[in-house]
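> I would like the atomic coordinates for the input below:
(4 chains)
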Number of protein chains: 2
Amino acid sequence: MAETGSRAVQGENLLFLTDEQLRKGIEAMFFAYRGFTADPDRILLEHGYGRAHHRAVHFINRAPGTTVNNLLDILGVTKQSLNRVLRSLIEDGLVESRVGTRDKRERHLHLTAAGAALERELSEAQRARMRAAFREAGPEAVAGFRRVLEQMMDADSQALFNALKEGP
Amino acid sequence: MAETGSRAVQGENLLFLTDEQLRKGIEAMFFAYRGFTADPDRILLEHGYGRAHHRAVHFINRAPGTTVNNLLDILGVTKQSLNRVLRSLIEDGLVESRVGTRDKRERHLHLTAAGAALERELSEAQRARMRAAFREAGPEAVAGFRRVLEQMMDADSQALFNALKEGP
DNA sequence: CTTGGAAAGTCAACAAGGCTGACATAAAAT
DNA sequence: ATTTTATGTCAGCCTTGTTGACTTTCCAAG
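So this is what the prediction gives:
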């Protein structure tokens, strides 16, 4: 327990890499993620939806016209799982599925007015919390926050994240 | 869409609070949390456990002798949900439940040698990723990361997080 | 000492949201 | 003409969350 991992490196100012510091980082991620999802979860409950619907709505809004396969890559779930969510969103008139013009096998997904309204309600709540946290922490902390999170992603997630940056 | 939220504040250097920046922060949290849980999830699968078991084992290790009620506060789930997880861990000999000496209604939870071994396997994998991310990002980024995450927590989570810092 | 209530455990039932496997259809690609 | 790809769907399973009802144990206040 005493000499695991980071303590092996010596003669450098790497105190931020001690197991103790790493453990704090891990627990901070756990508690922060709970806060991160708390507000949308409350709103979703009122509408009879879950987190899976939030994720679908978020990324359809981010990349309107995206295909089902593309969404599967982003969300990292099976098509059966996504399909259950998409079906209810389409039935409820929040998402529209348009047959592709170039490739008619593809379905292009768009939010309806109602879908966009829900997306706004969810993302405004989530942004409000993020904004408060960012404001409290300050711009330099925010830059560090982003840098660490990006490094924590898998390589493929990192690619998806950066692809979303620029937009479609 | 144009003048929501942060853009209302003007004449200040608050560009890090634009809706666009906040959206990036939200997506970064989503993808990073997936990476954060990916390694433990793989290990848990091999052992036939899930994330709920990881959380229980983690916090029992952090605060040995903690009571069930205390653990319920930390994890934020129902006792029925936690009980199912604890029962399997106890049956499998990873967790020991000792009747309280002062108050015999309470059960004090401890990891067995086998439980501690699993905890080590899980936390070492998770620390390895966190360590790599921290090292890449650097100490100032790490400080910012921690500051933002703490602000993102609910007030009660923040209290729990800080209580855990000092130890029992 | 009795009783109220807290701590813990248990049973049952349910829902969301993951998963696998199998199969169907349409359209593109070869 | 055949194969591959994109999508949808049915059936069934698992984990992990929920509520509600009930019991046992036991501390503490009356």
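> Next, count neighbours for A:Glu27.
20 (other CB atoms under 10 Å in any protein chain shown). In short, each C-beta sits where N, CA and C put it, glycine included.
> quick one: least confident helix or strand in chain A?
helix A:155-166 (a mean of 90; mean pLDDT, DSSP states H and E).
> Can I get that one in CSV? Just the C-alpha atoms.
These are the backbone C-alpha positions of helix A:155-166, laid out as CSV (Å, rounded to 0.1, in the frame of the first residue of the first chain):
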residue,chain,number,x,y,z
ALA,A,155,-9.2,7.0,-27.6
ASP,A,156,-12.4,6.5,-29.6
SER,A,157,-14.4,8.7,-27.3
GLN,A,158,-11.8,11.3,-27.6
ALA,A,159,-12.1,11.2,-31.4
LEU,A,160,-15.9,11.4,-31.1
PHE,A,161,-15.7,14.3,-28.7
ASN,A,162,-13.4,16.2,-31.0
ALA,A,163,-15.5,15.5,-34.0
LEU,A,164,-18.5,17.0,-32.2
LYS,A,165,-16.5,20.1,-31.4
GLU,A,166,-16.5,21.3,-35.0
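> is that helix anywhere near chain B?
Yes: applying CB under 8 Å from any CB of the partner chain, one finds that helix A:155-166 is in contact with chain B at A:Ser157, A:Gln158, A:Leu160, A:Phe161, A:Leu164, A:Lys165.
> Buried ones from these, can you make that a ChimeraX selection?
In ChimeraX syntax, the buried subset of the residues of helix A:155-166 next to chain B is picked out as below (16 or more other CB atoms under 10 Å in any protein chain shown):
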select /A:157,158,160,161,164
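> ok, the residues of helix A:155-166 next to chain B vs DNA strand D, which is closest?
A:Leu160 (15.7 Å; CB to the nearest atom of the strand).
> which residues touch the closest one?
Applying CB atoms under 8 Å, 6 or more residues apart in numbering or on different chains, we find A:Leu160 in contact with A:Asp73, A:Ile74, B:Phe31.
> Please repeat the previous calculation with a cut-off of 10 Å.
Shown in contact with A:Leu160 (CB atoms under 10 Å, 6 or more residues apart in numbering or on different chains): A:Phe59, A:Asn70, A:Asp73, A:Ile74, A:Leu75, A:Gly76, A:Met153, A:Asp154, B:Glu27, B:Phe31.
> Work out for me the element the first one sits within.
So the one you mean is A:Phe59. A:Phe59 is located in helix A:51-62, with elements delineated by DSSP states H and E.
> And that helix, what does it pack against?
Packed against helix A:51-62 by the contact rule (3 or more CB pairs under 10 Å, 6 or more residues apart in numbering or on different chains; DSSP states H and E) you find helix A:19-47, helix A:68-75, helix A:79-91, strand A:95-99, strand A:107-111, helix A:113-137, helix A:155-166, helix B:19-47.
> average pLDDT for it?
Per-residue pLDDT over helix A:51-62 has a mean of 98.
> May I have it exported as PDB, CA atoms only?
Output of helix A:51-62 as PDB, limited to C-alpha atoms (Å, rounded to 0.1, in the frame of the first residue of the first chain):
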ATOM      1  CA  ARG A  51     -31.300   9.100 -19.000                       C
ATOM      2  CA  ALA A  52     -31.200   7.100 -22.200                       C
ATOM      3  CA  HIS A  53     -33.800   9.400 -23.700                       C
ATOM      4  CA  HIS A  54     -31.800  12.400 -22.600                       C
ATOM      5  CA  ARG A  55     -28.700  11.200 -24.300                       C
ATOM      6  CA  ALA A  56     -30.500  10.400 -27.600                       C
ATOM      7  CA  VAL A  57     -32.200  13.800 -27.600                       C
ATOM      8  CA  HIS A  58     -29.000  15.600 -26.800                       C
ATOM      9  CA  PHE A  59     -27.000  14.100 -29.600                       C
ATOM     10  CA  ILE A  60     -29.800  14.400 -32.200                       C
ATOM     11  CA  ASN A  61     -29.900  18.100 -31.300                       C
ATOM     12  CA  ARG A  62     -26.200  18.400 -31.600                       C
END
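> circling back to that earlier point, quick one: buried ones out of the contacts of A:Leu160?
A:Phe59, A:Asn70, A:Ile74, A:Leu75, A:Met153, A:Asp154, B:Glu27, B:Phe31.
> quick one: which of those is nearest to B:Val148?
B:Glu27 (14.7 Å; CB to CB).
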